[in-house]
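# task: produce atomic coordinates for the following.
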Amino acid sequence: MDSYISVNVLLASILLAGCTAQSETKQEEASPAVPIIQLTKQDATLDRDYASNLEAVQNVEVRARAAGYLDRILVDEGKSVKKGQLLFQLNPAEYQVKVAEAQASLESATAQAQSTEVEMSRVKLLVDKNVISPSELKLARSKGETARAAIDQARAALAHARLLVSLTSIRAPFDGVINRIPFKQGSLIEAGALLTTISDLSEIYAYFNVSEKEYLAFIKKRKNPQKLTVQDVDLLLADDSAYPHKGRIETTETVFEGNSGTIAFRASFPNPDRLLRHGATGKVRLTTDVDDAVLVPQKAVFEVQDKNFVYVVDAGNKVRTRSFVPSSRVDQFYIVKSGLAPGDRIVYEGIQSLKDGMTIVPKPLPASALKTLYASAQ
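Numbers count the residues shown, from 1 in each chain. Below you'll find the model as predicted:
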């Protein structure tokens with residue numbers, strides 16, 4: 001009888017141990033393995049990209065200042081030109097006729113003035129001899145003044161006619177590159193017609209807008225460079241490739257745009273190879289050095305009602321939601337302002353499958369992975 005009871009007790013113990021082991025196995029299977037990271041202070045170099053519009057240092061419309069037939073086009077679209085180089089030639093014949101007419105008018109006015117001088121001398125002699133009254137002399141002098149005024153008028157007309165002739169030769173106002181030429185040789189050109197545009201591509205301006213908050217931060221950084229400094233800026237082209245030459249921020253506008261609350265910055269980039277063109281687009285990248293920053297990867301963060309949360313792992317490997325306030329967001333990282341501190345363990349990936357209070361199996365990222373993770377922000 002005693003042996004029978006001992007066997008039953010033994011069997012019950014075995015069954016209980018099996019159930020306990022099975023329960024523990026199921027509990028382990030129910031706790032997901034999740035990669036986590038431990039927050040630390042980092043000296044980071046962060047990049048912030050801004051959409052920008054590229055403009056030539058000078059981009060000027062070349063317009064005809066006189067009307068006429070387009071006799072010659074001496075340049076081609078996309079070609080480089082030098083300051084003063086002849087670009088277009090209008091037919092000057094009509095204006096050359098006006099020059100000849102103005103020259104003849106000047107000669108006539110000059111001859112008339114000489115005649116009045118002779119007449120005035122004769123009248124003066126007669127007045128001195130009391131042959132005629134002094135009023136005749138006043139009349140002669142008035143005629144002389146009129147003749148001299150006619151000379152001045154004729155000279156002005158001649159200068160204007162010569163100016164019109166010179167305007168038939170359209171020259172480059174500065175070194176640059178010729179853009180589209182809408183007219184063909186032989187076209188009738190009206191005064192003011194757009195012949196082409198010319199761009200000085202030796203240097204390119206990149207205009208980009210920043211928020212008021214970023215503007216204030218930028219100004220403060222320049223006044224206190226020991227904490228945070230803005231270095232030379234980079235440019236990403238439309239295909240996301242890096243432009244090989246660095247630029248510098250030169251100036252800002254003085255007024256914020258009312259609708260967007262932003263202000264425009266201007267950065268200049270050298271363009272020795274003429275790769276950049278007027279009207280192109282790109283991204284200006286500001287590189288910022290931050291000392292002792294606590295960085296939180298963007299993939300570890302979720303938003304609820306405009307607040308930012310992460311899953312913090314406690315000592316018992318339970319995850320708890322915690323909100324934090326970022327000071328800025330740069331690329332794939334948040335810089336923590338408050339709510340998180342160095343030493344906190346947070347879930348790095350897989351936050352979509354977690355719930356508050358859930359137990360996890362933490363898988364800390366190795367030091368090499370952490371180094372790569374933070375290096376991606378540098």
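# when you work out contacts or count neighbours from here on, use the C-alpha atoms and nothing else.
Fine.
# surely R285 is in contact with A206?
No: if you go by Cα atoms under 8 Å, R285 and A206 don't touch, sitting 11.0 Å apart.
# compare those two and say which is more crowded by neighbours.
Neighbours were counted for R285 and for A206 using other Cα atoms under 10 Å; A206 has more, 29 against 20.
# so what's the more buried one closest to, chain neighbours aside?
Among residues not flanking A206 along the chain, L54 sits closest, at 4.6 Å (Cα to Cα, 6 or more residues apart in numbering).
# got the contact list for that neighbour?
Counting by Cα atoms under 8 Å, 6 or more residues apart in numbering, L54 touches 204-207, 276-282.
# gap between it and V177?
Counting by Cα to Cα, to the nearest Å, the gap from L54 to V177 is 16 Å.
# and for the closest residue to K318 other than its chain neighbours, the neighbour number?
Computed as Cα to Cα, 6+ apart, the closest residue to K318 that is not its neighbour in sequence is T359, at 4.3 Å. T359 has 21 neighbours, counted by other Cα under 10 Å.
# could you do A161 as well?
As a burial measure, A161 scores 22 neighbours (other Cα under 10 Å).
# next, give phi and psi for it.
Here is the backbone geometry of A161 (degrees, to the nearest 10): phi -60, psi -40.
# in three-state terms, label the nearest residue to it once chain neighbours are set aside for me.
In this structure, A161 finds its nearest non-sequential neighbour in V99, 4.9 Å apart by Cα to Cα, 6+ apart. Following DSSP: H, G, I helix; E, B strand; the rest coil, V99 is assigned to helix.
# residues in contact with V99?
With Cα under 8 Å, 6+ apart, V99 has these contacts: 158, 161-162.
# so in this protein, where's the weakest helix or strand by average pLDDT?
Ranked by mean pLDDT, DSSP states H and E, the weakest helix or strand in the chain is helix 2-30, scoring a mean of 49.
# packing partners for the next helix or strand after that helix?
Going down the chain from helix 2-30, the next helix or strand is strand 33-38, by DSSP states H and E. The helices and strands touching strand 33-38, judged by 3 or more Cα pairs under 8 Å, 6 or more residues apart in numbering; DSSP states H and E, are strand 345-347, strand 361-364.
# what's across from R329 in the sheet?
With DSSP bridges applied, R329 shows beta-bridge pairing to Y334.
# isn't it up against I335?
Yes: assessed by Cα under 8 Å, R329 is found in contact with I335 at 6.3 Å.
# follow-up on the earlier one: filter the contacts of L54 down to the buried ones.
Buried positions within the contacts of L54, assessed by neighbour count (16 or more other Cα atoms under 10 Å), are 204-207, 276-278, 281-282.
# any idea which element the most centrally placed residue in the chain lies in?
Computing the C-alpha centroid of the chain and ranking residues by Cα atoms, centre = their mean puts Y207 first, at 2.0 Å. Using DSSP H and E, Y207 maps to strand 194-211.
# quick one: low-confidence ranges for the stretch 201-350 of the chain?
221-231, 288, 330-331 (pLDDT under 70).
# rerun that using 50 as the cut-off
Confidence mapping of the stretch 201-350 of the chain against pLDDT under 50 gives the ranges 225-229.
# quick one: the strands in it?
234-236, 248-252, 262-270, 281-297, 302-304, 307-313, 319-330, 333-338, 345-347 (DSSP state E, counting those that start in this stretch).
# nearest to L137, out of those?
strand 248-252 (69.3 Å; Cα to Cα).
# that closest one: how far from the chain's middle?
10 Å (Cα atoms, centre = their mean, to the nearest Å).
# likewise stretch 158-173?
Here the centre of stretch 158-173 is set off from its chain's centre by 37 Å, with Cα atoms, centre = their mean.
# okay, buried residues for that stretch please.
158, 160-162, 164-172.
# in strands, which of the residues you listed appear?
169-171 (DSSP state E).
# for those residues, which one is nearest D128?
Using Cα to Cα, S169 comes nearest to D128 of those, at 56.8 Å.
# count of neighbours near D306?
D306: 7 neighbours (other Cα under 10 Å).
# quick check: phi and psi on it?
According to degrees, to the nearest 10, D306 has phi 60, psi 20.
# how close does it sit to K299?
Counting by Cα to Cα - D306 and K299 are separated by 16 Å.
# could the buried ones among the contacts of L54 go into JSON lines alongside distance to T321?
Formatted as JSON lines, those follow (distance: Cα to Cα, whole Å):
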{"residue": "I204", "distance to T321": "48"}
{"residue": "Y205", "distance to T321": "46"}
{"residue": "A206", "distance to T321": "43"}
{"residue": "Y207", "distance to T321": "41"}
{"residue": "L276", "distance to T321": "48"}
{"residue": "R277", "distance to T321": "50"}
{"residue": "H278", "distance to T321": "50"}
{"residue": "T281", "distance to T321": "41"}
{"residue": "G282", "distance to T321": "39"}
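# identify, from these, the entry nearest to L354.
G282 (39.5 Å).
# quick check: closest non-adjacent residue to that closest one.
Per Cα to Cα, 6+ apart, closest to G282 is L237, 4.7 Å.
# pretty sure the one you found is touching K283, no?
Yes: between L237 and K283 a contact is recorded at 6.6 Å, counting by Cα under 8 Å.
# neighbour-wise, which of these two wins?
Between L237 and K283, counted using other Cα under 10 Å, the more crowded position is K283 (22 against 16).
# next one: that one from I335, what distance?
22 Å.
# what do you get for E145?
Distance from E145 to I335, by Cα to Cα: 84 Å.
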